[in-house]
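1. the sequence and its predicted three-dimensional model are supplied below.
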Number of protein chains: 2
Amino acid sequence: MIQQFLPALEAEIKEQKLGESPQELYEPIRYLMQLGGKRIRPVLCLLSYSLFKGDWEKVVPTALSIEIFHNFTLMHDDIMDKAPLRRGKQTVHEKWNDNIAILSGDVMLVNAYQYLNNCQHLSLAEYQHLLLRFNRTAAEVCEGQQMDMNFESRSAVTVGEYIEMIRLKTSVLIGLSMEMGGILAGVDASKAKTLYEIGERIGLGFQLKDDLLDVYGDPEKFGKQVGGDILANKKTYLLIRALESAQGEALASLHAWLAAANPNPAEKVRAITQLYTDLGIRAETEAKINQYFDLAFEAIDQLNLQSEQKEVLGKFLSGLVDREV
Amino acid sequence: MIQQFLPALEAEIKEQKLGESPQELYEPIRYLMQLGGKRIRPVLCLLSYSLFKGDWEKVVPTALSIEIFHNFTLMHDDIMDKAPLRRGKQTVHEKWNDNIAILSGDVMLVNAYQYLNNCQHLSLAEYQHLLLRFNRTAAEVCEGQQMDMNFESRSAVTVGEYIEMIRLKTSVLIGLSMEMGGILAGVDASKAKTLYEIGERIGLGFQLKDDLLDVYGDPEKFGKQVGGDILANKKTYLLIRALESAQGEALASLHAWLAAANPNPAEKVRAITQLYTDLGIRAETEAKINQYFDLAFEAIDQLNLQSEQKEVLGKFLSGLVDREV
């Protein structure tokens, strides 16, 4: 069944209902939506729904709203971050221009709400609750992006602030994906909350794994340049923890590399990676990731699933956890 | 009663429920919402509701969603148009920066949906219909803005294209404001459509009057520079019609002024204004405006209102029509 989710979502994306004119407004949406990706969020929504109900096909359009929303945030974030590439292709603001990326993104957010507007089987109160959760989460994702931008111009960021930023920017939407599956299936508030927490924790582990793979990933599998975060002096979990825990010579060396005007890229990546390893940051980050994943798996028990459903969920989440790309 | 709408809306705006942190995200929303304005859209929504039901207070938050949406479009349009001022004050992207204006605007659109999410007295089907209409209109407003931007780089724009652009950019939202009042009051589909049409026509007349006042407004009352559109070579209804109807010397003179590299501003405004008048464009535009307003007033009869309600609506719309600022 779970193998059918992705094809069903891709078929829905191919038929995505959008306006037609002016084409500058709608072409970028089709372009970005069809760049691919793993569609983790709507797949999680469908998976979560199917833990409780069999007729998952009918909530495919509603699940897609999360993927549209996610891609809207990518379109606008890429403008703000001046990112040239997304999934190896030109970003929308690069291929068209900033104004088109702003306005197409706006229409995309509206389109996400229209896809959400597809669940006729709920009561008004249930639907309004779903919208409330969607709206709150959407605002939180924006809060996370603003925090991320603020961090760039700040000298010091604590681990607590960093975790809160990635929770808002990434994890709450993964949490909502699972919660929405539950709400659509009519689960009670306590189960909905548990589903959210599973997604949120998986999301935190997932994002920290991103930070880790950017340093320690296998260059052949990783798909993008290993060490990109190091070269950009990006305040990742690893850098923040290294700055907190390094002392004496190690700290001086770290600061020197961060301040270096035109360092040799390969040398900088090698040196900081070595510092991370020596300071135990690699092991520490792996432990932190496992801690979040363990918390997610523990929460599964609270759902009182039948063993078959429990196995399906556990297997899918393990797949997310074990990824090396 | 109608005198109570604006204070009720302003009170709701003062208490507007937004997140708190990061403040860069929420301050610009409060700033823009509190720059003032006539709040025509939510007032029209409340007025429309009160034609059919007395308890208008309960739909104030829902009506406010349209004002929040409208201000969201202003925040993003001002980035795209590189506008320095809005209602005589710095625009958000000027006071903060482009990224903050993009992201604050995004949260504002989400906030509009949360205010819309306040009507507990509808059925699910009615609410989903309202959302469908809101979503379609929101997309149309973006379509209008994209058309407007496209027109800037085009040499020729027809009257038909121009009317369609202002219909999308301005009128459909005024139409929706009135329709939403009706939907919230539970009117049938035919009356809802009529309310929409009244608003749409008023909106068309309203926007053309904007074009007219920019040329022929009383400088003491108008509040902004008379002739601003002329100096910017803006393709307004007046310029498009002048280019269509001028011949010989008048056409040559018009083209010369449009192409002039560093014209004396006062002379250019005076010359083109004179050309408009000579070509009969002023009278023609006034006739076109009156035509839209007449169509709006004619449609009122289809609502079968009691004479008192009819008078209230007619009086309010006349106030919009007769404005000189």
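-> Sure, I can see it.
2. for whichever strand or helix holds A:Ala287, what is the average pLDDT?
-> In the assignment (DSSP states H and E), A:Ala287 maps to helix A:281-300. Mean pLDDT, helix A:281-300: 96.
3. any idea how far that helix is from the chain center?
-> Going by C-alpha atoms, centre = their mean, to the nearest Å, the spacing between the C-alpha centre of helix A:281-300 and its chain's C-alpha centre is 17 Å.
4. all helices of the stretch 101-250 of chain A, in order?
-> Counting by DSSP state H, counting those that start in this stretch, the stretch 101-250 of chain A has helices at residues A:124-152, A:159-166, A:172-184, A:189-216, A:219-222, A:228-231, A:237-245, A:248-259.
5. in terms of mean pLDDT, which of these ranks lowest?
-> Among the helices of the stretch 101-250 of chain A, helix A:219-222 scores lowest, with a mean of 72.
6. go ahead and produce PDB holding the CA coordinates of that helix.
-> What follows is helix A:219-222, C-alpha atoms only, in PDB (Å, rounded to 0.1, in the frame of the first residue of the first chain):
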ATOM      1  CA  PRO A 219      30.800  12.400  -1.300                       C
ATOM      2  CA  GLU A 220      29.700   9.800  -3.900                       C
ATOM      3  CA  LYS A 221      26.300   9.400  -2.300                       C
ATOM      4  CA  PHE A 222      25.600  12.900  -0.900                       C
END
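7. which parts of the stretch 101-250 of chain A sit against chain B?
-> Counting by C-beta under 8 Å from any C-beta of the partner chain, the stretch 101-250 of chain A comes close to chain B at A:102-103, A:105-107, A:109-111, A:113-114, A:117, A:120, A:122-125, A:127-128, A:131-132, A:135, A:138-140, A:142-143, A:145-147, A:149-150. C-beta: built from backbone N, CA, C; applies to glycine.
8. and if we set it to 6 Å?
-> A:102-103, A:106-107, A:109-110, A:113-114, A:117, A:124, A:127-128, A:131, A:135, A:138-139, A:142, A:146-147 (C-beta under 6 Å from any C-beta of the partner chain).
9. any idea of the angle the helix holding A:Ala287 forms with helix A:159-166?
-> When axes from the mean of the first three to the mean of the last three C-alpha atoms, to 10 degrees is applied, the directions of helix A:281-300 and helix A:159-166 differ by 60 degrees.
10. show residues contacting helix A:281-300.
-> A:194, A:197-198, A:201-202, A:204-205, A:208-209, A:212, A:238, A:241-242, A:276, A:321 (C-beta atoms under 6 Å, 6 or more residues apart in numbering or on different chains).
11. what's the closest of these to chain B?
-> Nearest to chain B among these: A:Leu204, at 19.3 Å, using C-beta to the nearest C-beta.
12. give me the neighbour count for the closest one.
-> 24 (other C-beta atoms under 10 Å in any protein chain shown).
13. quick one, what contacts A:Gln120?
-> Going by C-beta under 6 Å, 6+ apart, the list of residues near A:Gln120 is empty.
14. leaving out the residues flanking it, which one is nearest to A:Met75?
-> Of all residues not flanking A:Met75 in the chain, A:Gly105 sits nearest, at 4.2 Å (C-beta to C-beta, 6 or more residues apart in numbering or on different chains).
15. wait, doesn't that neighbour sit right on A:Thr73?
-> No - the pair A:Gly105 / A:Thr73 is not scored as a contact, 8.3 Å apart, by C-beta atoms under 6 Å.
16. the two: who's more crowded?
-> More crowded of A:Gly105 and A:Thr73, by other C-beta under 10 Å: A:Gly105, with 29 against 22.
17. closest to the centroid, which residue in chain A?
-> Chain A has A:Thr170 as the residue nearest its centroid, 4.1 Å off, counting by C-alpha atoms, centre = their mean.
18. any idea how many residues pack against the residue lying closest to it once chain neighbours are set aside?
-> Among residues not flanking A:Thr170 along the chain, A:Gln207 sits closest, at 4.8 Å (C-beta to C-beta, 6+ apart). Counted with other C-beta under 10 Å, the neighbours of A:Gln207 add up to 23.
19. check the helices of the stretch 101-250 of chain A for me and report the most buried one.
-> Among the helices of the stretch 101-250 of chain A, ranked by average contacts under mean count of other C-beta atoms under 10 Å in any protein chain shown, first place goes to helix A:172-184 (a mean of 27).
20. other SSEs contacting that helix?
-> Here helix A:172-184 touches helix A:40-50, helix A:124-152, helix A:189-216, going by 3 or more C-beta pairs under 6 Å, 6 or more residues apart in numbering or on different chains; DSSP states H and E.
21. how is chain A carved up into domains?
-> Using automatic domain parsing, the domain ranges for chain A come out as A:1-185, A:188-325.
22. quick check, the residue nearest to A:Thr170 in contact with A:Met165.
-> No - at 9.5 Å, A:Gln207 and A:Met165 do not qualify as touching, with contact defined as C-beta under 6 Å.
23. and the closest residue to A:Met108 other than its chain neighbours, how far is that from A:Cys142?
-> Of all residues not flanking A:Met108 in the chain, A:Phe72 sits nearest, at 4.1 Å (C-beta to C-beta, 6+ apart). A:Phe72 is 11 Å from A:Cys142, where distance means C-beta to C-beta, to the nearest Å.
24. residues touching A:Met178, list them.
-> By C-beta under 6 Å, 6+ apart, the contact list for A:Met178 reads A:44, A:48, A:195, A:198-199.
25. what do you get if the cut-off is 8 Å, keeping everything else the same?
-> A:44-45, A:47-48, A:195-196, A:198-199 (C-beta atoms under 8 Å, 6 or more residues apart in numbering or on different chains).
26. count of neighbours near the residue in the stretch 201-325 of chain A that chain B sits nearest to?
-> Relative to chain B, the nearest point of the stretch 201-325 of chain A is A:Lys235 (15.6 Å; C-beta to the nearest C-beta). Neighbourhood size, A:Lys235 [other C-beta under 10 Å]: 20.
27. and A:Cys45, what does it touch?
-> A:59, A:62-63, A:66, A:177-178, A:180-181, A:184.
28. which one among the residues you listed gets closest to chain B?
-> Top of the list for closeness to chain B, among those and by C-beta to the nearest C-beta, is A:Thr62 at 11.8 Å.
29. name the SS class of that closest one, please.
-> What DSSP: H, G, I helix; E, B strand; the rest coil gives for A:Thr62 is helix.
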